[in-house]
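Q: Take this sequence and fold it.
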Amino acid sequence: MSRIGKKPIEVPKGVTVTVTPAHVSVKGAKGELKLPVRPEVSVKVEGSTIHVESRGEERSSRALQGTARALLANMIEGVSKGYEKKLEINGVGYEAAIEGKILVLKLGFNRPVRFPLPTTVTIEAPTPTSLLIKGIDNQQVGSVAAAIRKLRKPEPYKGKGIKYSDEVIRRKAGKAFASGGGG
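A: Model prediction:
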């Protein structure tokens with residue numbers, strides 16, 4: 001059996017979980033999320049804990065048990081605490097600004113890059129060289145952060161580009177010139 005799928009999920013105070021045959025709904029202080037339930041998995045709420053069980057002994061149903069349990073745990077954390085990703089912008093003249101519903105990024109191209117803000121997450125620019133992406137859905141926050149980072153990935157020679165705040169860029173030495181006149 002799945003070791004992660006066996007672990008019960010503790011539901012904190014202020015979070016309500018409702019289970020229907022089609023989906024599981026998690027509601028908290030920050031919002032509401034829904035997860036469709038696969039037929040190979042059953043979800044039971046007992047008091048303040050949630051148990052996820054597989055209905056079969058096939059490898060795929062055990063794998064789906066662990067996946068469903070992890071997704072439910074992420075949903076509960078999202079509606080109670082929320083998720084956030086921090087991005088840093090490095091480079092001379094590189095900066096970010098929010099204009100209405102559009103994130104404007106100056107990344108060394110001939111024109112600023114205009115990134116439309118999704119409705120599922122909130123993006124803040126506390127300084128011109130940092131971005132803070134917040135939301136209740138871990139997957140949405142991560143995919144928006146990855147899409148913004150993809151606009152100008154950090155390069156290994158000078159470190160210019162957009163990187164996660166906890167990301168370490170492995171730097172390379174530049175081109176080494178020969179000291180002799182071999183030519």
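
Q: Domain ranges for the protein, per the record?
A: According to automatic domain parsing, the chain comprises the domains 3-80, 83-164.

Q: So which residues of the chain form strands?
A: Ranges of strands in the chain, per DSSP state E, are 9-10, 16-19, 23-27, 32-36, 41-46, 49-54, 83-90, 95-99, 102-106, 113-116, 122-127, 130-135, 161-164.

Q: Sheet partners, orientation included, of the fourth one?
A: Here strand 32-36 has these sheet partners by DSSP bridges: strand 23-27 (antiparallel).

Q: With just CA atoms, put the strand it pairs with into CSV.
A: Extracted C-alpha coordinates of strand 23-27, given in CSV (Å, rounded to 0.1, in the frame of the first residue of the first chain):
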residue,chain,number,x,y,z
HIS,A,23,-15.6,15.6,-5.6
VAL,A,24,-14.2,16.8,-2.3
SER,A,25,-14.7,20.4,-1.4
VAL,A,26,-12.4,22.2,1.1
LYS,A,27,-13.4,25.6,2.5
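
Q: Identify all contacting residues around the longest helix along the chain.
A: Secondary structure of the chain per DSSP state H: the longest helix is helix 59-80. Helix 59-80 is contacted by residues 1-5, 7, 9, 11-12, 14-15, 17, 24, 26-33, 35, 37-38, 40-41, 43, 50, 52-55, 83, 135-139 when judged by C-beta atoms under 8 Å, 6 or more residues apart in numbering. C-betas here are computed from N, CA, C, even on glycine.

Q: ok, back up a step: could you redo the strands of the chain as TSV and give each row mean neighbour count, mean pLDDT and distance to Ser143?
A: Output for these, formatted as TSV (neighbours: other C-beta atoms under 10 Å; pLDDT from 0 to 100; distance: least, C-beta to C-beta, whole Å):
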stretch	mean neighbour count	mean pLDDT	distance to Ser143
strand 9-10	15	94	24
strand 16-19	14	93	25
strand 23-27	18	95	20
strand 32-36	14	94	15
strand 41-46	15	92	24
strand 49-54	19	92	24
strand 83-90	19	96	10
strand 95-99	15	95	18
strand 102-106	18	96	15
strand 113-116	12	96	13
strand 122-127	14	94	13
strand 130-135	19	96	10
strand 161-164	19	95	14
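
Q: Can I get those strands in CSV including distance to Ala68?
A: Compiled in CSV, those are given as follows (distance: least, C-beta to C-beta, whole Å):
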stretch, distance to Ala68
strand 9-10, 10
strand 16-19, 12
strand 23-27, 8
strand 32-36, 7
strand 41-46, 5
strand 49-54, 5
strand 83-90, 19
strand 95-99, 36
strand 102-106, 34
strand 113-116, 32
strand 122-127, 28
strand 130-135, 21
strand 161-164, 28
